[in-house]
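Undergrad: Build the 3D model from these lines:
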Amino acid sequence: MYGDKSGIYCESKIFETVEFGYNKIVVERPLRDENGEIVLKKGKAVADVSLRDTENVPLVQDIDRYFEREVLPYAEDAWIDKKKTKVGYEIPMTRYFYEYQAPEKVEDIVARIHVLEADISASLEKLFTEEK
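TA: I've put the predicted structure just below:
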């Protein structure tokens, strides 16, 4: 980190490109008929497009293990349409560069507001006394 008197600083970080990559998987759920039975076509469950979802699985994680851990506990009848899996990359700036700064104390904000109110009152008083 580099800083100067103005309070501006520069920071750099080095990451492996794989850290920014992910597999976007398509999670399907079965279509059910009016009796609640799964609709089959050629012996396979038909996907209900209204229940279709996607998940971004980090490239450094195994897709099947991720699916078992993050999806199946909540949708045990779900499956991955592996033909629709795509690789993508993004740089989540907040995740890598955000630094928490505690909010300003309420007392300091109130004091600043009082100063501004006094300044506005003085300006209005001056404005109205000059008009007379």
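
Undergrad: Near Ile63, how many other residues are there?
TA: 16 (other Cβ atoms under 10 Å). Using the backbone N, CA and C atoms, a C-beta is placed for each residue, glycine as well.

Undergrad: can you pull the contacts of it?
TA: 23, 25, 57, 80, 85 (Cβ atoms under 8 Å, 6 or more residues apart in numbering).

Undergrad: let's see it at 10 Å
TA: By Cβ atoms under 10 Å, 6 or more residues apart in numbering, the contact set of Ile63 is 23, 25, 55, 57, 80, 82, 85.

Undergrad: Contacts only, for the first one.
TA: When you say that, I think you mean Asn23. Each residue near Asn23 by Cβ under 10 Å, 6+ apart is listed here: 55-59, 61-63, 66, 80, 82, 85-88.

Undergrad: Same question for the fourth one.
TA: Contacts here follow Cβ under 10 Å, 6+ apart; on that basis Val57 touches 21-25, 63-67, 70-71, 80, 85.
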